[in-house]
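# quick one, what's the 3D model for this:
(chains A, B and C)
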Amino acid sequence: SPPFTVPDTPRAIKQGPRAPPSGLVERAAAGARIEADTTHYRPLAEQAPLHYELRIRQQPLAARACGFGERDRRVVDPPPIIELSVTDPKTGETDAEELRYALSVVHCSLWTANGEEEEETALVQSDRRTTRRLMGQLVASPAVLKDENDREGCFFCFPDLSCRTPGCFRLRFVLMRIDPMNLQAGGYSPIITEVLSDVFTVYTAKEFPGMRPSSALTIALKSQGCNIQVKKGKERTAARSRGHASDDDEEEEEEEEDEDAAPERGTGRRKKKRQRQA
DNA sequence: GGACTTATCCGACTCAGTGT
DNA sequence: ACACTGAGTCGGATAAGTCC
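So this is what the prediction gives:
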């Protein structure tokens, strides 16, 4: 989709930073992963026209459908990572100050594989409850970090997205810029730009090929404090299956005898887990 | 009743937090 | 620094439901 350019408006930054109402920005940015620099608050209307662009640095590829239960969540693999670039269209230079604006948010929604219809229509369950097809953390805050090549960028990570039903979908990411001076009931923030992911597949539990090892980008962001999970992928599975094979050989006979005799390994933990969930 | 699908459970594992 | 614990993750297993 074509990048959006903010309408030409006079810039008032030279007159000095303008602070929003006390406490408002601090509260709004509490969930942001980077420190909110409230002294550099810039209303969109007071900026020079800037060129905003979202780029998908890590495309979602696969997921295991997690059904309608709330307990067993299966996240999209790999977690989508979006990079925001903000440039001055005249000079082509990056606007580092705008890149650090803490109240930018990217929202994610589920779309059909052809990218023409939103798939987020409510699904009606057997008990008449309605639910969304895409679940998890659908909104991400910006994190200004260095990528795997040590190049600084503004990233939005979605490590907690899951899809309830199998199929082929795309994810649509839209950038919004919250203006704390204009927050009011019934108000809205305009979409600044958007990007559509490649098609990814949501598999059933049996068909799911397994998680992939984390990319260099994921590892780089994780090492800088980004809340994203690093996975070992198939390596872990292979190690696990090797472990199983050796255990079976040694313990098969013991299992038959001790079936009723206090097999406490793991079971105690599960009881606690169930108690928590109940 | 068998085949198939789907939701949930199981057990091994990882990792962050905490106490010593 | 190390051991321990609790919470979360993930692949596979299985119970339950549906269809023919």
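
# so the residue of the stretch 151-278 of chain A found nearest DNA strand C is in which element?
Nearest residue of the stretch 151-278 of chain A to DNA strand C: residue A:211, at 3.1 Å (C-beta to the nearest atom of the strand). Heads up, the C-betas are built off the backbone N, CA and C, glycines and all. Using DSSP states H and E, residue A:211 maps to neither a helix nor a strand.

# how close does it get to DNA strand B?
12 Å (C-beta to the nearest atom of the strand, to the nearest Å).

# repeat for residue A:167
In terms of C-beta to the nearest atom of the strand, residue A:167 sits 10 Å off from DNA strand B.

# can you check the pLDDT for the closest residue to that residue other than its chain neighbours?
Of all residues not flanking residue A:167 in the chain, residue A:202 sits nearest, at 5.5 Å (C-beta to C-beta, 6 or more residues apart in numbering). As predicted, residue A:202 sits at a pLDDT of 85.

# swap in residue A:174?
So residue A:174 comes in at 94 (pLDDT).

# helix, strand or coil for it?
The local conformation at residue A:174, judged by DSSP: H, G, I helix; E, B strand; the rest coil, is strand.

# helix, strand, or coil at the closest residue to it other than its chain neighbours?
Spatially, and ignoring its direct neighbours in sequence, residue A:174 is nearest to residue A:194 (4.3 Å; C-beta to C-beta, 6+ apart). Under three-state DSSP, residue A:194 falls in the strand class.

# same deal with residue A:220?
Assignment for residue A:220 (three-state DSSP): helix.

# run a quick neighbour tally on it.
Residue A:220 sits with 19 neighbouring residues when counted by other C-beta atoms under 10 Å.

# returning to that earlier point: is DNA strand B contacted by whichever strand or helix holds the residue nearest to residue A:167?
Taking DSSP H and E as the criterion, residue A:202 maps to strand A:200-203. No: figure legend: strand A:200-203 not in contact with DNA strand B (C-beta under 7 Å from any atom of the strand); closest approach 9.5 Å.

# neighbouring strands - and their directions - for that strand?
strand A:62-64 (parallel), strand A:167-177 (antiparallel) (DSSP bridges).

# present those as a markdown table; the columns should include mean neighbour count and distance to DNA strand C.
Below are the strands paired with strand A:200-203 laid out as a markdown table (neighbours: other C-beta atoms under 10 Å; distance: least, C-beta to the nearest atom of the strand, whole Å):
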| stretch | mean neighbour count | distance to DNA strand C |
| --- | --- | --- |
| strand A:62-64 | 21 | 6 |
| strand A:167-177 | 20 | 17 |
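
# let me have those strands in TSV, extended by distance to residue A:87.
Formatted as TSV, the strands paired with strand A:200-203 follow (distance: least, C-beta to C-beta, whole Å):
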stretch	distance to residue A:87
strand A:62-64	33
strand A:167-177	14
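
# those strands: which one's closest to residue A:78?
Closest to residue A:78 of the strands paired with strand A:200-203 is strand A:62-64 (C-beta to C-beta; 8.8 Å).

# so what touches the closest one?
A:74-77, A:161-163, A:200-205, A:208-209, A:212 (C-beta atoms under 8 Å, 6 or more residues apart in numbering).
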